[in-house]
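Undergrad: structure of the sequence below:
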Amino acid sequence: MSYDRDAAPVWPGLRLLPWEGEGGKPCFLSADGTDGTGGVLSRLADEIEAEQLCDGADVLKGAVAVLDDGKAGEHALRLALRATTQAFSNVLRVADSRGARLPVASDGD
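TA: Alright, predicted model coming up:
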């Protein structure tokens, strides 16, 4: 599945998790309780986000290598593009999740 920003609106007090639920639906964690600020699920989500970002960096290197290879065939290009779109989808989800948790500046800031 790929991340659909329109299907995962940001709601105050809810953390968008880095995995999908049944049918590709977004999963959220309430930040009101202990788990939203350092509980088991929150820490697991942090770890998975970190892995997704590292994987994205690796996929980018691989995609660049395929693009730089003038002999790369259609199959290699399709595989690289598929991996790149999945990694980009994960990175967008992480960015949206983290961005939604940033403090909102007041008018004086």
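Undergrad: the longest helix in this structure is where?
TA: Assignment by DSSP state H gives helix 40-68 as the longest helix of the chain.
Undergrad: name the nearest residue to D96, ignoring sequence neighbours.
TA: Closest residue in space to D96, ignoring its immediate chain neighbours: L16 at 6.0 Å, by C-beta to C-beta, 6 or more residues apart in numbering. To be clear about C-beta, it is placed using only N, CA and C from the backbone, and glycine gets the same treatment.
Undergrad: pretty sure the one you found is in a strand, no?
TA: Yes: L16 forms part of a strand when assessed by DSSP: H, G, I helix; E, B strand; the rest coil.
Undergrad: can I assume it is in contact with A8?
TA: Yes: at 5.7 Å, L16 and A8 qualify as touching, with contact defined as C-beta atoms under 8 Å.
Undergrad: can you pull the buried residues of the host helix or strand of A95?
TA: Here A95, judged by DSSP states H and E, is contained in helix 74-100. Residues 80, 83-84, 86-87, 89-91, 93-94, 96-97, 100 are the ones in helix 74-100 that count as buried (16 or more other C-beta atoms under 10 Å).
Undergrad: same question, stretch 62-78
TA: 63, 66.
Undergrad: same question for stretch 6-26.
TA: Burial within stretch 6-26, assessed by neighbour count using 16+ other C-beta under 10 Å, is assigned to 8, 14-18, 20, 26.
Undergrad: for the record, mean pLDDT for it?
TA: Average pLDDT, stretch 6-26: 86.
Undergrad: can you give me the end-to-end span of that stretch?
TA: Counting by C-alpha to C-alpha, to the nearest Å, you get 11 Å between the two ends of stretch 6-26.
Undergrad: now do stretch 65-75
TA: Using C-alpha to C-alpha, one end of stretch 65-75 lies 14 Å from the other.
Undergrad: related to what we said a few turns ago, now for the longest helix of the chain, which elements pack on it?
TA: In terms of contacts (3 or more C-beta pairs under 8 Å, 6 or more residues apart in numbering; DSSP states H and E), helix 40-68 is packed against strand 14-20, strand 26-30, helix 74-100.
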